[in-house]
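Asker: this one's structure only:
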RNA sequence: GGCCCCAUAGUCAAGCGGCUAAGACGUCGCCCUCUCACGGCGAAGGCGUGGGUUCGAUUCCCGCUGGGGUCACCA
């Protein structure tokens, strides 16, 4: 077979050689040890929570080493592409602090444009590049055309895509595929010419030289030495529309773009032999591989499952809607990615997470379960460390979209709102009232007259006369200029006057000796002022509300 | 089903031949306390299983079991 002729027949329009391309995309000039990584999503929908793990790793590796982190859009499957997904993806990622140095970027008008010298960064615009290498492979007799149509293939195989994969007779299937492959590999130049003349589409397949019985050893940076079977499948390089499959695009793009470290999900592990073979055929230097474990969830039967599309929390935008702030998600992911991150953060509470020395060796090999409890705990800590100003900015942003009523109240008097948010904030042991932004409303609604109402009720058996007497006495003695001690002494005095214990220790020693305690007295006042049995420090609350409103609420409950 | 990956408490995890097997979340109890939110102290709970190797295995090797992934002209 005259492979040169075959190649010319198949790719008559290709006039460049691999050498031409190498010249066009020279090696990057980067300092020693600088890593070039990428995120290469297909624009098929939202950003997946699980996807954040490899992205973060890739981002850290590049930026920690003074390298380059770029975005490549893998839009080789026109069928699945979702309009606007790429732009949305860039925005969402930016929300979480993932910014690219190079690659597909957002233009001011919202469209996608290229930034950098190694583009185009959309695979659909790179067909001419792939074809150069495709032609070379054909010339070398390492790839061949296959005119069997998709429909014919489907009829041939008993496997109906993945739906019925469990009911497949695997042995028969394997045998059938072997025969098919042999048949595919034997063809004549004449038949190719005929097919081309008839305008029949073809796919380009790699001529596999592997033996599935033999093993190859690869080193994965997180998993260590891996023993994988050689590839023996004549997999598709170019689809009938001339667009490459993932495998081929991966090899060509990551080579041309100078990727040093390929970071991707572990679901790619089984196809790694294909990639090794391809790189070898193409004469490309192999990048370092890192296969990141998947994040899992628990299904109805208590089994681990890959966190998949329709699961709650799979869409990164869900977290925003639910009121988790971006810092929380970043923090949670860092915690799972590097087991010593939490410890580091505890020791460096104010340092940005980018100061942390991310270490590949500290990464877990087994897939972990998504834990909402842990996320919530992380969130509480993150929010508690923020300043009142920061919280104000974020909560107004969130409510402007998800709670407009509260939003209008919060921004009416920013200083007032900030004074509320400052309660118990800033010290060594800050309050942790919020997990998500939705927690803010029930926490501080009583500070706004429009939302204030008596929500709780005093416990069964409460002497309402005492409650009223307490309020009356309190209204009489309340002086806004009292310091916190004086203020509380007055409340204790009310307790004593009504036969309630002013000293909690005395009360606990013998509860029967009193009608109640100063805790009950406080509860009467708290309910009148806040409408609730539980609230932050009453003294502070009253000062924020001001004398007038405090007393108005007290007398309203009389 | 073939192939591959994984295996320390409910969850995340230290450990890398000799330890009373860290720590965090969650759970429960106690303390602090005018309630709440913090904070402090404590408790329960773990090396999947069977063989090796070794003076000694959570740690190394093999089998088993379990879980996950993958087997497209999808990525």
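Answerer: Ah, there it is. This is a predicted model, so every value here is computed, not measured. Numbers count the residues shown, from 1 in each chain, chains lettered A, B, ... in the order given.
Asker: helix or strand: which one has residue A:349?
Answerer: Residue A:349 is part of no helix or strand when elements are defined by DSSP states H and E.
Asker: kindly state the pLDDT recorded for it?
Answerer: Note on residue A:349: pLDDT of 87.
Asker: please name the residues that touch the closest residue to it other than its chain neighbours.
Answerer: The shortest distance from residue A:349 to any non-neighbouring residue, by C-beta to C-beta, 6 or more residues apart in numbering, is to residue A:385 (6.6 Å). In this view, the C-beta of every residue, glycine as well, is placed from N, C-alpha and C. Applying C-beta atoms under 8 Å, 6 or more residues apart in numbering, one finds that residue A:385 lies in contact with A:349-350, A:430.
Asker: hmm, try it at 10 Å
Answerer: A:327, A:345, A:349-350, A:425-426, A:430, A:432 (C-beta atoms under 10 Å, 6 or more residues apart in numbering).
Asker: buried ones from these, can you make that a PyMOL selection?
Answerer: Here is the PyMOL command that picks out the buried ones among the contacts of residue A:385, judged by 16 or more other C-beta atoms under 10 Å:
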select buried, chain A and resi 327+345+425+430
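Asker: including secondary structure and distance to residue A:280, could the contacts of residue A:385 go into a markdown table?
Answerer: Conversion of the contacts of residue A:385 to a markdown table gives the following (DSSP: H, G, I helix; E, B strand; the rest coil; distance: C-beta to C-beta, whole Å):
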| residue | secondary structure | distance to residue A:280 |
| --- | --- | --- |
| A:327 | helix | 44 |
| A:345 | helix | 43 |
| A:349 | coil | 49 |
| A:350 | coil | 49 |
| A:425 | coil | 59 |
| A:426 | coil | 60 |
| A:430 | coil | 57 |
| A:432 | coil | 55 |
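Asker: out of the contacts of residue A:385, which touch RNA strand B?
Answerer: When contact is defined as C-beta under 7 Å from any atom of the strand, these meet RNA strand B at A:430, A:432.
Asker: got the domain boundaries for chain A?
Answerer: Residue ranges of the domains in chain A are recorded as A:3-15+A:126-292, A:298-384, A:387-450, A:453-558, according to automatic domain parsing.
Asker: distance between the ends of the third one?
Answerer: Read that as domain A:387-450. 26 Å (C-alpha to C-alpha, to the nearest Å).
Asker: what mean pLDDT does it have?
Answerer: For domain A:387-450, the per-residue pLDDT averages 96.
Asker: and the least confident helix or strand in chain A by mean pLDDT with RNA strand B, contact?
Answerer: Ranked by mean pLDDT, DSSP states H and E, the helix or strand of chain A with the weakest confidence is helix A:150-156, at a mean of 72. Yes - part of helix A:150-156 sits close enough to RNA strand B to count as contact by C-beta under 7 Å from any atom of the strand, namely A:150, A:153.
Asker: and the next element down the chain from that helix?
Answerer: Proceeding C-terminally, helix A:150-156 gives way to helix A:170-185 as the next helix or strand, assigned by DSSP H and E.
Asker: what residues sit buried inside that following helix?
Answerer: Using 16+ other C-beta under 10 Å as the test for burial, helix A:170-185 gives A:180-181, A:184.
Asker: okay, those in TSV with distance to residue A:133 and pLDDT next?
Answerer: Rendered in TSV, the data for the buried residues of helix A:170-185 read as follows (distance: C-beta to C-beta, whole Å; pLDDT from 0 to 100):
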residue	distance to residue A:133	pLDDT
A:180	25	86
A:181	22	89
A:184	21	90
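Asker: which stretches of the stretch 451-558 of chain A have low pLDDT?
Answerer: Residues of the stretch 451-558 of chain A meeting the criterion pLDDT under 70: none.
Asker: and the helices in it, which stretches?
Answerer: Counting by DSSP state H, counting those that start in this stretch, the stretch 451-558 of chain A forms helices over residues A:464-477, A:484-497, A:504-509, A:518-530, A:538-545, A:547-556, given from the N-terminal end onward.
Asker: residue contacts, residue A:371?
Answerer: Taking C-beta under 10 Å, 6+ apart, we find residue A:371 in contact with A:295, A:297-298, A:332, A:336, A:377-378.
Asker: out of those residues, which are inside strands?
Answerer: Assignment to strands by DSSP state E places the following of the contacts of residue A:371 there: A:297-298.
Asker: filter the contacts of residue A:371 down to the buried ones and hand me the PyMOL line.
Answerer: Those of the contacts of residue A:371 that count as buried under 16+ other C-beta under 10 Å are selected in PyMOL with:
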select buried, chain A and resi 295+297+332+336+377+378
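Asker: which of the contacts of residue A:371 sit farthest apart?
Answerer: Among the contacts of residue A:371, the pair separated by the greatest distance (C-beta to C-beta) is A:298 and A:378, at 19.3 Å.
Asker: take the domains of chain A and write them to TSV, including distance to residue A:111.
Answerer: Formatted as TSV, the entries for these read as follows, by distance: least, C-beta to C-beta, whole Å:
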stretch	distance to residue A:111
domain A:3-15+A:126-292	18
domain A:298-384	21
domain A:387-450	24
domain A:453-558	48
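Asker: what is the burial count for residue A:242?
Answerer: Using other C-beta atoms under 10 Å as the criterion, residue A:242 is surrounded by 16 other residues.
Asker: please apply the same query to residue A:27.
Answerer: Burial measure for residue A:27: 8 neighbouring residues, criterion other C-beta under 10 Å.
Asker: give me the phi and psi for it.
Answerer: When quoted as degrees, to the nearest 10, the phi and psi of residue A:27 stand at phi -60, psi 150.
Asker: tell me which residue of chain A is furthest from the middle?
Answerer: For chain A, the largest distance from the centre (C-alpha atoms, centre = their mean) belongs to residue A:497, which lies 59.0 Å off.
Asker: state the distance from residue A:169 to RNA strand B.
Answerer: When distances are taken as C-beta to the nearest atom of the strand, to the nearest Å, residue A:169 and RNA strand B turn out to be 9 Å apart.
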